[in-house]
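Engineer: give me a 3D structure for the following:
(chains A and B)
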Amino acid sequence: MKRMFFLIIFFLGIKSFCQDPKFETLKLTSAPAYTVLGVDPQNIQRPATPTDFIAGAQSAIVNGKLQPNFAIEATPYYWKHPKTDTGKRVSLYEFIKNDNNVFDNIAKTFTFSFATSESDTLAFGDLEPGTGFGIGFKCNLFNGKVSRKTLISSLMQNKLIDNLYQSIMGQFQVGNNNVVVKDRVNNWKESKKNKDPVHDALVDYVADFVRNDLGKAILTENDKNLLQQKIDAIEDEESKFLATLNQAVFPLTREGFMLELAIGDAAIIQNNESKNITNAKTAIWLTPSYRINTRKDPTVIDFLDFMAVLRMTFNNSKVDVSDYIDIGAKVQYTHNRFSFSGEYIARMLTEKPSTVDSKWTNRLDLSFDFKVNELITFKATFGRNFDGNSVHYSDPKKMFAVGGMNFGFGEFLKKNNN
Amino acid sequence: MSNQNPISLKNDGPFVDFKIPEEHLQDDINVSIGIKLLDDGWKFDSDHIVTIQDNTNDLYNDDPPPDKLPIGTGEEILGKKFRTFSRIRRIRDGAPDNIPSRVDYKITFFAGDTQIDEFTRTCDNTNPENFITNIKFK
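Structural biologist: Prediction:
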């Protein structure tokens, strides 16, 4: 029986390679521009500077014509220090500040996407073939709460104390002897304040702490050892904080209520004639979710996610006679390398074509993911699917089962080419 | 580009002579720092402080690494001691084991836009790690 099960899974896997099935997942994991265009691009440009962005966008146009199979995605908030960050830098301060500031959340998470493709008749109905392009953005209105705020706040305080000590040490090392503690601390304080009241209160606290801890008005060359001892003590403590924080596989996680807003629009350049641009569809998603970090042991990844979606899709009448309203819910449990989820989406057609039985259809599925290693993920999905287009409406009771292995060779090759 | 590597780990090392090529004495000298994590599944938070002799304020003190930070013309900084302090904290981001990523640290000096020297240093999994550059301009 076991062998039979694995054989079925194996053949389902082969099938998935051949058919490249496209699921409409509840959580918007792809950029809205790609989803609304119905593409799943593998080669996405992610420019790190405004200049790179303009250069990337220009490369989509050759001899005055928009080229298909182009995809670009950008989060402008992270364009600040692009050359030296290599995309791996995280600011502890940025991570813990303003948990509930909607405008800050939007600024940090606003992501723009753009993609092009050859238009296909299933997704774009009776529109003339040509090049399709999608434009979209998504952002988080609410971003949950930091899971380990107390520990990260302690680390922040420690980091600031060390920074001030090292700033004073720097003065000694370059030969600027006889440091007037009050002046140095005040200069440091002014340079570190940034008008965030919580942060500025911490800066004031650290400044007072260091001034009292040093206990002298002027530090001379003879005090260098004393300063070094204080640095060693604070850096040892910081090392312990970090070791504790890093016991968790993902220590910088958020939990609680999150709300994502996304808008995407797809248009077609029919017959590739610039005078013949037609808007095909526009979609708006609102995805509320609630994450519970169920782990007791920080070395274990254990999340329970509840999600819902409300999506409106407005179609050009040549794409579909009806617009769609989707309402759905999903529950997902993630435990280390395993992930199980169940998802239900009901779709209502605003205009029921005479060729279909009902203006309601639905999709229900159960998914199982297992990350075999850094490169290989096994995924299986079972359930029943609606067709995304009322013109090609199919019976929702028709079952599907698709499984497969995702080999991350693209990432592997990319890494080895860097 | 024959200057000795001035980067030390954890604590300050000796000040190393750094020869500014004569043809660049009138140019603005700029410094950039680059951080690269060598192992997957980690991110980093950092602090960078840049100090130069005869200036009682930090030239730079911020989290992102400095990018072409002006430190004065070649003539202005001649004979001065110069220090950069960078503290790199690795934070786990999915790595299967709690063994912090090694860090490749690079400091580059430019005269205007022309690179005049570059030094690198790699650290082991000590977390956090200090990278300290001590230079005396000649």
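Engineer: quick one: residues contacting the most centrally placed residue in chain B.
Structural biologist: In chain B, the centroid-proximal residue (CA atoms, centre = their mean) is B:I107; its distance is 4.2 Å. By CB atoms under 8 Å, 6 or more residues apart in numbering or on different chains, the contact list for B:I107 reads B:I7, B:V31, B:S32, B:I33, B:G34, B:T84, B:E118, B:F119, B:T120, B:T133. Backbone N, C-alpha and C define where each C-beta goes, glycine included.
Engineer: is it in a helix, a strand, or coil?
Structural biologist: strand (DSSP: H, G, I helix; E, B strand; the rest coil).
Engineer: just the ones of the contacts of B:I107 in strands?
Structural biologist: B:I7, B:V31, B:S32, B:I33, B:G34, B:T84, B:E118, B:F119, B:T120, B:T133 (DSSP state E).
Engineer: on the pLDDT front, check the closest residue in space to the second one that isn't next to it in sequence for me.
Structural biologist: In space, and not counting its chain neighbours, B:V31 is closest to B:L69: 5.2 Å by CB to CB, 6 or more residues apart in numbering or on different chains. As summarised for this prediction, B:L69 has a pLDDT of 96.
Engineer: repeat that for A:E238.
Structural biologist: pLDDT, A:E238: 94.
Engineer: how near is it to A:I231?
Structural biologist: Here A:E238 is placed at a distance of 10 Å from A:I231 (CB to CB, to the nearest Å).
Engineer: just A:L164 next, same as before
Structural biologist: 10 Å.
Engineer: and the two? Which one has more around it.
Structural biologist: A:L164 (25 against 18; other CB atoms under 10 Å in any protein chain shown).
Engineer: on the three-state scheme, the more buried one is what?
Structural biologist: helix.
Engineer: parallel or antiparallel, list what pairs with the host helix or strand of A:G256.
Structural biologist: Assigned by DSSP states H and E, A:G256 belongs to strand A:254-270. With DSSP bridges as the test, strand A:254-270 is paired with strand A:130-146 (antiparallel), strand A:277-293 (antiparallel).
Engineer: just the C-alphas of the first one, formatted as CSV.
Structural biologist: Taking Å, rounded to 0.1, in the frame of the first residue of the first chain, the C-alpha atoms of strand A:130-146 are listed here in CSV:
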residue,chain,number,x,y,z
GLY,A,130,-0.6,40.6,-28.7
THR,A,131,1.6,41.6,-25.8
GLY,A,132,0.1,41.8,-22.4
PHE,A,133,1.5,43.9,-19.6
GLY,A,134,0.6,44.0,-15.9
ILE,A,135,1.2,46.7,-13.3
GLY,A,136,0.6,46.2,-9.6
PHE,A,137,1.5,47.1,-6.1
LYS,A,138,1.1,45.6,-2.7
CYS,A,139,1.7,46.8,0.8
ASN,A,140,0.9,45.8,4.4
LEU,A,141,-1.5,48.0,6.3
PHE,A,142,-1.0,46.1,9.5
ASN,A,143,2.2,44.2,10.1
GLY,A,144,1.6,42.2,13.3
LYS,A,145,3.8,42.5,16.4
VAL,A,146,7.4,41.6,16.9
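Engineer: and the residue nearest to A:Y290 when sequence neighbours are not counted, how many residues sit next to it?
Structural biologist: Leaving aside its chain neighbours, A:Y290 sits nearest to A:F306 (4.7 Å; criterion: CB to CB, 6+ apart). Counted with other CB under 10 Å, the neighbours of A:F306 add up to 14.
Engineer: show me what counts as buried in the one helix or strand A:F306 maps to.
Structural biologist: Using DSSP H and E, A:F306 sits within strand A:302-315. Judged by neighbour count (16 or more other CB atoms under 10 Å in any protein chain shown), strand A:302-315 contains these buried residues: A:F303, A:D305, A:M307, A:V309, A:R311, A:T313, A:F314, A:N315.
Engineer: which residues touch the third one?
Structural biologist: By CB under 8 Å, 6+ apart, the residues touching A:M307 are A:L26, A:K27, A:T287, A:P288, A:S289, A:Y290, A:A329, A:K330, A:V331, A:Q332.
Engineer: which parts of chain B are helices?
Structural biologist: Using DSSP state H, the helices of chain B run over residues B:74-77.
Engineer: for A:Q171, helix, strand, or coil?
Structural biologist: Relying on three-state DSSP, one would call A:Q171 helix.
Engineer: report pLDDT for the closest residue to it other than its chain neighbours.
Structural biologist: In space, and not counting its chain neighbours, A:Q171 is closest to A:V179: 5.2 Å by CB to CB, 6+ apart. At A:V179, the model reports a pLDDT of 88.
Engineer: mind listing what A:V179 touches?
Structural biologist: Counted by CB under 8 Å, 6+ apart, A:V179 has contacts A:I168, A:Q171, A:F172, A:I218, A:L219, B:T56.
Engineer: so which of those is the closest to A:A107?
Structural biologist: Closest to A:A107 out of those is A:I168 (34.5 Å), distances taken as CB to CB.
Engineer: mind checking how far that closest one is from A:K216?
Structural biologist: Taking CB to CB, one finds A:I168 at 11 Å from A:K216.
Engineer: more neighbours: these two, which one.
Structural biologist: Set A:I168 next to A:K216 and count neighbours by other CB under 10 Å: A:I168 wins out with 24 against 11.
Engineer: element containing the more buried one, please.
Structural biologist: Counting by DSSP H and E, A:I168 is found in helix A:149-173.
Engineer: gap between that helix and the chain center?
Structural biologist: Distance of helix A:149-173 from the chain centroid (CA atoms, centre = their mean, to the nearest Å) equals 30 Å.
Engineer: would you mind listing the buried residues in it?
Structural biologist: For helix A:149-173, by 16+ other CB under 10 Å, it's A:151-152, A:154-173.
Engineer: and it, what does it pack onto?
Structural biologist: helix A:92-96, strand A:179-180, helix A:181-192, helix A:197-214, helix A:224-245, strand B:42-52, strand B:81-92 (3 or more CB pairs under 8 Å, 6 or more residues apart in numbering or on different chains; DSSP states H and E).
Engineer: the shortest one pairs with which strands, parallel or anti?
Structural biologist: Just to be clear, that refers to strand A:179-180. strand A:218-219 (antiparallel).
Engineer: what sits up against the strand it pairs with?
Structural biologist: A:I168, A:F172, A:N178, A:V179, A:V180, A:V181, A:L227.
Engineer: quick check, nearest of the residues you listed to A:N385?
Structural biologist: Using CB to CB, the contacts of strand A:218-219 come closest to A:N385 at A:I168, 64.9 Å.
Engineer: surely the closest one meets A:N187?
Structural biologist: No. Under the criterion of CB atoms under 8 Å, A:I168 makes no contact with A:N187, lying 10.6 Å away.
Engineer: give the contact list for the residue of the stretch 101-250 of chain A found nearest chain B.
Structural biologist: The stretch 101-250 of chain A approaches chain B most closely through A:G170 (3.6 Å), counting by CB to the nearest CB. By CB under 8 Å, 6+ apart, the contact set of A:G170 is B:I49, B:T51, B:D58, B:R83, B:F85.
Engineer: what is the burial count for the last one?
Structural biologist: One way to gauge burial is a neighbour count; for B:F85, by other CB under 10 Å, it gives 24.
Engineer: what is the least confident helix or strand in chain A?
Structural biologist: Of all helical and strand segments in chain A, the minimum by mean pLDDT, DSSP states H and E falls on helix A:2-19, at a mean of 42.
Engineer: next helix or strand past that helix?
Structural biologist: Next along from helix A:2-19, by DSSP H and E: helix A:32-37.
Engineer: which strands or helices does the next helix or strand after that following helix pack on?
Structural biologist: Downstream of helix A:32-37, the next assigned helix or strand under DSSP H and E is helix A:50-58. On a contact count with 3+ CB pairs under 8 Å, 6+ apart, helix A:50-58 meets strand A:70-74.
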